[in-house]
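From the sequence below, what's the structure:
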Amino acid sequence: MANLTSYARKKLGDHLVGHTAWTMPSPVYLALFTADPGLSGSFAAEVSGGSYARVNISAALSDADTTSGLIVNTTVITFPTPSAGWGVVTHVGLCDAGAAGNLLTRQPLSVARLIVSGDPFMLLEGQIQFSFA
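Here you go, the predicted model:
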């Protein structure tokens with residue numbers, strides 16, 4: 001659970017002990033970042049401009065594995081083709097809204113990638129892995 005944001009930890013913890021129910025986010029969106037958004041879930045380093053938009057990935061994610069807690073993308077995830085450079089993307093994050101909202105969890109990319117105009121950003125099957133173990 002190291003990559004869960006403080007927001008998600010609080011919501012899950014309160015839900016698990018019966019203090020406050022947490023309504024399941026639906027759908028969930030993948031966001032791109034040029035730096036680690038940290039435990040606070042800051043959107044300061046989220047990519048912006050150049051046709052960038054978060055991508056709804058609810059249907060692309062597996063159920064959590066009962067042993068490891070691992071959730072992976074089961075299909076290719078494709079972002080809109082950039083009309084301007086997005087910078088060097090270093091992290092992805094799972095959000096509860098298509099804009100604004102809350103960051104739930106984040107992870108570094110295995111290899112940072114410079115995104116330039118006209119260069120579509122895609123994540124192949126299995127490249128996104130969130131673990132809640």
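
Just give me the neighbour total for the nearest residue to residue 87 once chain neighbours are set aside.
In space, residue 87 comes closest to residue 34 once its chain neighbours are excluded; the distance is 4.7 Å by C-beta to C-beta, 6 or more residues apart in numbering. Yep, even glycine has a C-beta here, placed from its N, CA and C like the rest. Per other C-beta atoms under 10 Å, the neighbour tally for residue 34 reads 18.

and residue 34, what pLDDT?
Reported pLDDT at residue 34 in the predicted model: 98.

what comes up buried for the helix or strand containing residue 114?
Using DSSP states H and E, residue 114 sits within strand 103-115. The neighbour-count check on strand 103-115 (16 or more other C-beta atoms under 10 Å) flags 103, 104, 105, 106, 107, 109, 115 as buried.

Can you give me every residue that contacts the first one?
By that I understand residue 103. Neighbouring residues of residue 103 by C-beta atoms under 8 Å, 6 or more residues apart in numbering: 5, 7, 8, 31, 37, 41, 42, 43, 93, 94, 95.

partners of it in the sheet?
residue 95 (DSSP bridges).

Check the fifth one too.
The residues listed as beta-bridge partners of residue 107 by DSSP bridges are residue 92.

Tell me the neighbouring strands of the lowest-mean-pLDDT helix or strand in the chain, and mark each as parallel or antiparallel.
Ranking every helix and strand in the chain by mean pLDDT, DSSP states H and E puts strand 129-131 at the bottom, with a mean of 86. Sheet partners assigned to strand 129-131 using DSSP bridges are listed as strand 70-72 (antiparallel).

Following the chain onward from the partner strand, which element is next?
Following strand 70-72 in sequence, per DSSP H and E, is strand 77-78.

partner strands of that following strand, parallel or antiparallel?
Here, using DSSP bridges, strand 77-78 pairs with strand 122-123 (antiparallel).

and the partner strand, average pLDDT?
96.

Residue ranges in this protein under the pLDDT threshold?
Residue ranges of the chain with pLDDT under 70: 1-2, 133.
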